[in-house]
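Peer 1: show me the folded form of this:
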Amino acid sequence: MQIFGVDIGGSGIKGAPVDLEKGDLAQERCKVLTPHPATPDGVADGVKQVVDHFGWTGPVGLTFPGVVTGGATVRTAANVDKSWIDTDARTLFGGRLGGLPVTVVNDADAAGVAEMQFGAGRGRSGTVILLTFGTGIGSALFVDGALVPNTELGHLELGGHDAEKRASSKAKEDGELTWEHWARRVQKYLAHVEMLFSPEAFIIGGGVSRKADKFLHFIEGIKAEIVPAQLQNNAGIVGAAMRAAQTQP
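Peer 2: Coordinates of the predicted model:
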């Protein structure tokens, strides 16, 4: 069975049909740049461009980089335009895609669901936290495999700042930090999250998961196991498709 997944990020919108039995992309993904400002209409146009690239006419699952309640309503918009707040994203995207069935889920939650089913979280019990490091820091919290949605742990305060302002991939790029310097910031962030939740494992996702060998060995003093995401930057696409499949009649 295949369902289309789209991952909306602060810098890019990427999507592809997903093979739900394998938990992998069925075709090479299509990516377009996220418009700036990332308004609802602009992002919806980008999503349509990605979906139309494949001529897709079935259900579509989409991630969103913020809190999504009731499978539709956007409540936060840290890394996209503030006009997203209170937008009915399901209605917006469904209309732009010509009435296709649409499901919307928080981006890190989608990545976490995919990793727990097909990746680094498979078979893990207890408390597991996936963290996606990108334009911001997304989080997905699982307790014995069950998702606690919309945690947004990237906005915990760290050194007087939102953690994602100090320890995201964007913060590394903007500050031109070495891998070691950035890893020390990530270490402080993980220590703070560990103090609050005492997880058995952290799964490190987002684009940096492809480069785990450059920074994970610098992180010390964390009791939880730290592992890179296995689906890497495709986890959001896969998880969006999985959630769409779960909501189909």
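
Peer 1: tell me which residues of the helix ranked longest in the chain come out buried.
Peer 2: Longest helix in the chain by number of residues (criterion: DSSP state H): helix 179-197. Judged by neighbour count using 16 or more other CB atoms under 10 Å, the buried positions of helix 179-197 are 179, 182-190, 192-194, 197. (Each C-beta comes from the backbone N, C-alpha and C, glycine too.)

Peer 1: ok, now stretch 51-68?
Peer 2: V51, W56, P59, V60, G61, L62, T63, F64, P65, G66, V67, V68.

Peer 1: between those, which is nearest V18?
Peer 2: G61 (8.2 Å; CB to CB).

Peer 1: check what contacts the least confident helix or strand in the chain by mean pLDDT and list those residues.
Peer 2: Using mean pLDDT, DSSP states H and E, strand 157-158 stands out as the lowest-scoring helix or strand of the chain, at a mean of 90. Defining contact as CB atoms under 8 Å, 6 or more residues apart in numbering, one finds that strand 157-158 is touched by A163, R166, A167, K188, Y189, H192.

Peer 1: sitting in strands, which of the buried residues of stretch 51-68 do you find?
Peer 2: Secondary structure assignment by DSSP state E places V60, G61, L62, T63, F64, V68 of the buried residues of stretch 51-68 in strands.

Peer 1: please enumerate the helices of this structure.
Peer 2: Counting by DSSP H, the segments of the chain that form helices are 40-53, 89-96, 107-118, 163-167, 169-174, 179-197, 235-247.

Peer 1: redo the ones in strands among the buried residues of stretch 51-68 as JSON lines? Include distance to V43 and pLDDT.
Peer 2: Formatted as JSON lines, those follow (distance: CB to CB, whole Å; pLDDT from 0 to 100):
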{"residue": "V60", "distance to V43": "14", "pLDDT": "98"}
{"residue": "G61", "distance to V43": "15", "pLDDT": "98"}
{"residue": "L62", "distance to V43": "10", "pLDDT": "98"}
{"residue": "T63", "distance to V43": "11", "pLDDT": "97"}
{"residue": "F64", "distance to V43": "9", "pLDDT": "96"}
{"residue": "V68", "distance to V43": "13", "pLDDT": "96"}
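
Peer 1: nearest to N79, out of these: which one, please.
Peer 2: Once CB to CB is applied, the member of those that ends up nearest N79 is F64, at 10.4 Å.

Peer 1: got a list of what the residue of the chain positioned farthest from its centre touches?
Peer 2: Largest separation from the mean C-alpha position in the chain: G221, at 26.0 Å (CA atoms, centre = their mean). G221 makes contact with Q187, A191, according to CB under 8 Å, 6+ apart.

Peer 1: quick check: it vs G126, distance?
Peer 2: Note on G221: its distance to G126, by CB to CB, to the nearest Å, is 20 Å.

Peer 1: quick revisit: just how off-centre is the longest helix of the chain within its chain?
Peer 2: In this view, helix 179-197 has its centroid 19 Å away from the chain centroid, taken as CA atoms, centre = their mean, to the nearest Å.

Peer 1: packing partners for that helix?
Peer 2: Judged by 3 or more CB pairs under 8 Å, 6 or more residues apart in numbering; DSSP states H and E, the packing partners of helix 179-197 are strand 127-133, strand 137-143, strand 157-158, helix 163-167, helix 169-174, strand 201-205.

Peer 1: most widely separated two among the contacts of strand 157-158?
Peer 2: Maximum distance among the contacts of strand 157-158 (CB to CB): 10.9 Å, for R166 and H192.

Peer 1: burial count for the closest residue to K170 other than its chain neighbours?
Peer 2: Excluding its sequence neighbours, the residue lying closest to K170 (CB to CB, 6 or more residues apart in numbering) is T135, at 5.0 Å. For T135, the count of nearby residues is 23 (other CB atoms under 10 Å).
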